[in-house]
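> Kindly generate the corresponding structure for this input.
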Amino acid sequence: MSSENTDGREFLVVVNNEEQYSVWFADRELPLGWRAEGTAGTRQECLDHIAAVWTDMRPRSVREHLAAHGG
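Have a look, this model is predicted:
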């Protein structure tokens, strides 16, 4: 995505079932398995939001497994 000109384009913060985050072009159909998280803006605004909210980068299934097994 970094090779594309993103000036003036709106992006969405998207999240998958494992609670992993990414940015996606607002005018494109979301890829299977991803949903809009609710934040939209410039690419940098979306990246800044992700940096603030995605503090544990382990997939949800790993976090749940470790929590259930004392990890």
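> distance of residue 16 from residue 36?
When C-beta to C-beta, to the nearest Å is applied, the distance between residue 16 and residue 36 equals 12 Å. Glycine gets a C-beta too; all of them are placed from N, C-alpha and C.
> Show the backbone phi and psi for the nearest residue to residue 10 once chain neighbours are set aside.
Nearest non-adjacent residue to residue 10, counting by C-beta to C-beta, 6 or more residues apart in numbering: residue 26, 4.0 Å away. Recorded main-chain torsions at residue 26 are phi -60, psi -30, according to degrees, to the nearest 10.
> same question, residue 47
Phi and psi for residue 47, reported as degrees, to the nearest 10, are phi -60, psi -40.
> and if you look at residue 69?
According to degrees, to the nearest 10, the main-chain angles of residue 69 amount to phi -120, psi 20.
> what residues are up against the closest residue to residue 57 other than its chain neighbours?
In space, and not counting its chain neighbours, residue 57 is closest to residue 20: 7.7 Å by C-beta to C-beta, 6+ apart. Shown in contact with residue 20 (C-beta atoms under 8 Å, 6 or more residues apart in numbering): 54, 57, 59.
> what residues does the least confident helix or strand in the chain by mean pLDDT touch?
With mean pLDDT, DSSP states H and E as the measure, the helix or strand of the chain carrying the lowest mean pLDDT is helix 60-68 (a mean of 87). With contacts defined as C-beta under 8 Å, 6+ apart, helix 60-68 is touched by 17-19, 56, 58, 71.
> 10 Å instead, please
Counting by C-beta atoms under 10 Å, 6 or more residues apart in numbering, helix 60-68 makes contact with 16-20, 56, 58-59, 71, all of which sit outside it.
> ChimeraX command for the buried members of those residues?
Those of the contacts of helix 60-68 that meet the burial criterion (16 or more other C-beta atoms under 10 Å) are gathered into one ChimeraX selection, given here:
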select :19,20
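> What is the end-to-end distance of stretch 21-31?
Distances were taken as C-alpha to C-alpha, to the nearest Å; on that basis the terminal residues of stretch 21-31 are 13 Å apart.
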